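Q: This is the structure alone, sequence omitted:
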């Protein structure tokens, strides 16, 4: 089983997951990725190549399913086993209990970012919602999130469009930071930090790319990476899974639009997409810590990061990045790119 | 001028440096890197291609210098200008005052990791020391560090062996974490955190790769990335620049050994190398905060990170990493690899 280890100096967790080294891509060496549908484990007809199905959306014109969720064959976290938290001298260890699922987004073997339809993205976000709601029932899981690696430079090892859902037994450092910022800002002002940021962004409008009824897409003021895009729900909400069907469609539409604009303007970049939503309440209302663990002051969001700049010594040494594109310029560029 | 911007949600700084976009490598697109000595700006005979020289070590058998330090032609930080710290609504901005220097490590145009001699590395570390000591005189600089990007995957844009030295107007988040961990551990135990970690490592010896009189090389317990190596001075010291010539040579020797072993065992990986040393004292003894700002409880170290695994959605979402190689296995492997 994998384990989480804590570095007491840098105050960072790492997942040591030797089992994943048996994946088709060992240690980052570029190996042959099956271009060929005949050997793709995610293509229709090869359903037996994947492990037991967790969720299926039925039929499309291309076959008898439109989306499937299966357990990751090389999981970083596993459902089975006891959750142990131990000290080891100056170090801390938590066992790698959790879940690691793969969403096969479509029966189609290969999609460019421009090919993504609202329907495929609607299905994807709906699957994220259903799986996160289900995984929240397991009180061992402290954080559940969903992400997509698109393209080899973004960490994908298979071409067939897929995403991942992970449940883990600790709340990650970065998420703790965001929860703390939100809580302390709210305590001080009785307002949401992100709602205040959005009010500022609306006033200047120089970093807003586009919006629809329920969502707004922004190049954040302190973008870590060029053309980084955050999509926020305009109405305050701490929890992605509260989206109704109309809102899921609104999210699908704005993501489709951003995918297309990035694809055309940046010459088919690889991308990562991440959903940051509030952690589950792993305490019950009767628990004395319950009221400190509610996250209504948090504002969930989605990030899309084109992988066009690297991670080098500077980033490793500082945790900072050097971003060569002003977010205002990036937003202006993405605002005017023609998508017709 | 570049500027540092703070993300109040993630609590992370970013350097927005649009001037660097004019570098030969725009937005991560792989462009032609001059393989050819004739057009290399760092090769002997092309000294006029670089900006004004800051430091030069004299002659070697290959020419009239063995190492040069010059200002970076595409700097992320500049000496000139006023250091401004301003608020902008919910955001913070600090002007990009600092220094950004390039160390041309040798007149030789191309070196494999195995080619690095103790002499070249001794010169490099000596140059780091001299430049850091000099830059510390400018009280605007809150942090000064040195790093090396070797190979395209590690962020290098020129083949000719070079490193970088940066001075910046804030202490980076990651460094603040390490300083805080060290200070709070010392306050509690009157012992250094890293010295205690080293004592543990010596007892088990399962993550130690090798050592010499003054230094020990370890695969850290919570390694973020496969085959990550930390080199610690065995004797407690918070400050890299206190190394005498014998110790600089000891450091050069152990780094040479690690370079060679990584090169042979991982099939010529690209690497990053980073020196983490204590920040300068930018307050004078008469200043009331002086005694809180001394860093004797910190333990400087050097990191070498082979770039054999990527940064994907999981890392972006959590700040964690998934490391597929147990540090104990990595150390065992690097311990036995033949270097003769």
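A: Ah, there it is. In this text, all values refer to a predicted model and were calculated from it rather than measured experimentally.

Q: going forward, measure contacts between C-alpha atoms and count neighbours the same way
A: Fine.

Q: which intervals of the stretch 1-150 of chain A have sub-threshold pLDDT?
A: A:20-35, A:60-63 (pLDDT under 70).

Q: Show me which residues of it are close to chain B?
A: By the rule Cα under 8 Å from any Cα of the partner chain, the part of the stretch 1-150 of chain A lying against chain B is A:5-21, A:27-29, A:76, A:89-91, A:147-149.

Q: For ChimeraX, what selects the buried ones among the residues you listed?
A: Remark: buried members of the residues of the stretch 1-150 of chain A next to chain B, expressed as a ChimeraX selection using 16 or more other Cα atoms under 10 Å in any protein chain shown:
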select /A:5,6,7,8,9,10,12,13,14,15,16,17,18,20,27,76,147,148,149
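
Q: Against residue B:150, how distant is residue A:126?
A: Shown here: residue A:126 relative to residue B:150, a distance of 43 Å by Cα to Cα, to the nearest Å.

Q: Out of these two, name the residue with the larger neighbour count.
A: When residue A:126 and residue B:150 are compared for neighbours, residue B:150 comes out ahead with 28 against 20, by other Cα atoms under 10 Å in any protein chain shown.

Q: What residues does that one make contact with?
A: Neighbouring residues of residue B:150 by Cα atoms under 8 Å, 6 or more residues apart in numbering or on different chains: B:156, B:161, B:270-272.

Q: Let me know the closest of those residues to residue B:258.
A: residue B:271 (11.3 Å; Cα to Cα).

Q: I figured that closest one hits residue B:304, correct?
A: Yes. Look at residue B:271 against residue B:304 with Cα atoms under 8 Å: they come within range, at 6.8 Å.

Q: Endpoint to endpoint, stretch A:308-319 covers what distance?
A: Chord length of stretch A:308-319, first to last residue, is 18 Å (Cα to Cα).

Q: Grab the nearest non-local neighbour of residue A:230.
A: Nearest non-adjacent residue to residue A:230, counting by Cα to Cα, 6 or more residues apart in numbering or on different chains: residue A:303, 4.5 Å away.

Q: Contact partners for that neighbour?
A: Neighbouring residues of residue A:303 by Cα under 8 Å, 6+ apart: A:228-231, A:272-276.

Q: Can I get those in TSV including secondary structure, neighbour count and pLDDT?
A: Formatted as TSV, the contacts of residue A:303 follow (DSSP: H, G, I helix; E, B strand; the rest coil; neighbours: other Cα atoms under 10 Å in any protein chain shown; pLDDT from 0 to 100):
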residue	secondary structure	neighbour count	pLDDT
A:228	coil	22	96
A:229	strand	26	98
A:230	strand	21	98
A:231	strand	25	98
A:272	strand	27	96
A:273	strand	24	97
A:274	strand	23	97
A:275	strand	23	97
A:276	strand	23	96
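
Q: Which residues are in contact with each of residue B:271 and residue B:304?
A: Common neighbours of residue B:271 and residue B:304, counting by Cα under 8 Å, 6+ apart, are absent.

Q: before we move on, back to that, for the contacts of residue A:303, work out which two are farthest apart.
A: Greatest spatial distance among the contacts of residue A:303 (Cα to Cα): A:228 and A:276, at 14.7 Å.

Q: among the contacts of residue B:150, which are in reach of chain A?
A: Counting by Cα under 8 Å from any Cα, residue B:272 from the contacts of residue B:150 sit close to chain A.

Q: Looking at the contacts of residue B:150, which is nearest residue B:170?
A: residue B:272 (22.2 Å).

Q: and the residue nearest to the spatial centre of chain A, what does it touch?
A: Nearest to the mean C-alpha position of chain A, by Cα atoms, centre = their mean, lies residue A:274 at 2.2 Å. Contact partners of residue A:274, counting by Cα under 8 Å, 6+ apart, are A:145-148, A:302-304, B:313, B:316-317.

Q: if I look at it, how far off is residue A:154?
A: Where residue A:154 is concerned, residue A:274 sits at a distance of 12 Å (Cα to Cα).

Q: Residue A:173 now?
A: For residue A:173, the distance to residue A:154 - Cα to Cα - is 21 Å.

Q: Give me the more crowded residue out of those two.
A: Taking neighbours as other Cα under 10 Å, residue A:173 and residue A:154 compare with residue A:154 leading, 22 against 17.

Q: contacting residues for the more buried one?
A: Applying Cα under 8 Å, 6+ apart, we find residue A:154 in contact with A:270-272, A:307, B:310-313.

Q: How much space separates residue A:173 from residue A:317?
A: 17 Å.

Q: quick one: buried residues of the longest helix seen in chain A?
A: The longest helix of chain A (DSSP state H) is helix A:245-265. For helix A:245-265, a neighbour-count test (16+ other Cα under 10 Å) marks A:247-264 as buried.
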